[in-house]
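*Asks:* Need the 3D shape of this:
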Amino acid sequence: MRLLLDTNAYTALRRGHVEVADLVRNAERLLFSVVVLGELLYGFRSGSRHRKNALELERFLDSPYLDLLDVTKTTADRFGRIASALRATGTPIPSNDIWIAAQTLESGADLVSFDRHFSQVPGLPCRLMGEQG
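*Replies:* Below is the predicted model:
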């Protein structure tokens, strides 16, 4: 199974969330979105442990079992389709999350997130987690 971690799933993993850790441990491959990377780096710069968090993230990204996904033309097309579908049903979600959903669909992975609004995205394979603890 291929997993793409949302920002909050990465944070939960770093904090030792058992369910997320089990999913990651059993994954065939981990995928990471440049959008998630940007959200994390922004958050790190807003905190008091920027350097420590950035170094931990860099070590995580260096894993041979992880692929960093760039935004492609296909991603952009999927973004447009998803955003349009959500708007038509009156269920918009944050723009960054639409990009993450588009990359998840493009890569054929399952998204791991604590954000329930991902269930609004048609056809998105998503493993919604419980409490972040």
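*Asks:* Listing request: residues of the chain with sub-threshold pLDDT.
*Replies:* Judged by pLDDT under 70, the chain has its weakly predicted residues at 132-133.
*Asks:* By residue count, what's the longest helix in it?
*Replies:* With DSSP state H setting the assignment, residue counts place helix 73-88 as the longest helix in the chain.
*Asks:* what residues does it touch?
*Replies:* Outside of helix 73-88, the residues that reach it under the criterion C-beta atoms under 8 Å, 6 or more residues apart in numbering are 92-93, 95, 98-99, 101-103, 105-106, 120-122. C-beta: built from backbone N, CA, C; applies to glycine.
*Asks:* What's the ChimeraX syntax to select whichever of those are buried?
*Replies:* Applying 16 or more other C-beta atoms under 10 Å to the contacts of helix 73-88, the buried members can be selected in ChimeraX as follows:
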select :93,98,99,101,102,103,105,106,120,121
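*Asks:* Tell me the first helix or strand C-terminal of the longest helix of the chain.
*Replies:* The C-terminal neighbour of helix 73-88 among helices and strands, as given by DSSP states H and E, is helix 95-107.
*Asks:* what distance separates that following helix from the centre of its chain?
*Replies:* 8 Å (C-alpha atoms, centre = their mean, to the nearest Å).
*Asks:* What angle do helix 73-88 and that helix make with each other?
*Replies:* For helix 95-107 against helix 73-88, the angle between stretch directions is 130 degrees (axes from the mean of the first three to the mean of the last three C-alpha atoms, to 10 degrees).
*Asks:* Would you state the strands of the chain in chain order?
*Replies:* Listed from the start of the chain, the chain has strands (DSSP state E) covering 2-5, 29-33, 66-69, 110-113, 126-128.
*Asks:* Just the buried positions in the longest helix of the chain, please.
*Replies:* Within helix 73-88, the residues scored as buried using 16+ other C-beta under 10 Å are 75, 78-79, 82-83, 86.
*Asks:* Please name the residues that touch residue 117.
*Replies:* Applying C-beta under 8 Å, 6+ apart to residue 117 gives the contacts 91, 93-94, 97.
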